[in-house]
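Chemist: Attaching a predicted model along with its sequence, questions to come.
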Amino acid sequence: MVAIRDVVEALHGCVDPELGQNIVDIGLIYNIQVRGSDVKLTLTMTSPMCPVTSIIMADAQLRLEAINGIGKVELELVWDPLWSPDMMEESLKYTA
């Protein structure tokens, strides 16, 4: 069985190459559903025109598939609600 903390831990390694921060702290993860060993991840990008969407999606998929005991991994990219800087961890909002 996979735990949500395992998913979050794996996703902390998935870094947005433009921002240099992980997708969890940026606030791109909207929902994580775990059913037994299967995981469905709902996420967004900073913009619908994000040029690194495919890179981030592929990296997240590979990191989740590497979790011990993982089953099916499904990623759902959504645009509602649209991402905003308010979704970032507080510590990232004030970095130069």
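Modeler: It's in. Residues are numbered from 1 along each chain as shown.
Chemist: Quick one: residues in contact with stretch 79-96.
Modeler: Gln21, Asp25, Ile26, Gly27, Leu28, Thr44, Met45, Thr46, Ser47, Pro48 (CB atoms under 8 Å, 6 or more residues apart in numbering). The way it works is simple: take the backbone N, C-alpha and C, and place the C-beta from them, glycine included.
Chemist: Strands - which of the residues you listed land there?
Modeler: In this view, those that belong to strands under DSSP state E are Gln21.
Chemist: Which elements pack onto the top helix by length along the chain?
Modeler: The residue-count maximum for a helix in the chain (DSSP state H) belongs to helix 53-65. Taking 3 or more CB pairs under 8 Å, 6 or more residues apart in numbering; DSSP states H and E as the contact definition, the neighbouring helices and strands of helix 53-65 are helix 4-11, strand 38-43, strand 73-77.
Chemist: Go again with 6 Å.
Modeler: Helices and strands in packing contact with helix 53-65 are listed as strand 73-77; criterion 3 or more CB pairs under 6 Å, 6 or more residues apart in numbering; DSSP states H and E.
Chemist: ok, now how distant is Asn31 from Lys40?
Modeler: Plainly put, Asn31 is 8 Å away from Lys40 if you go by CB to CB, to the nearest Å.
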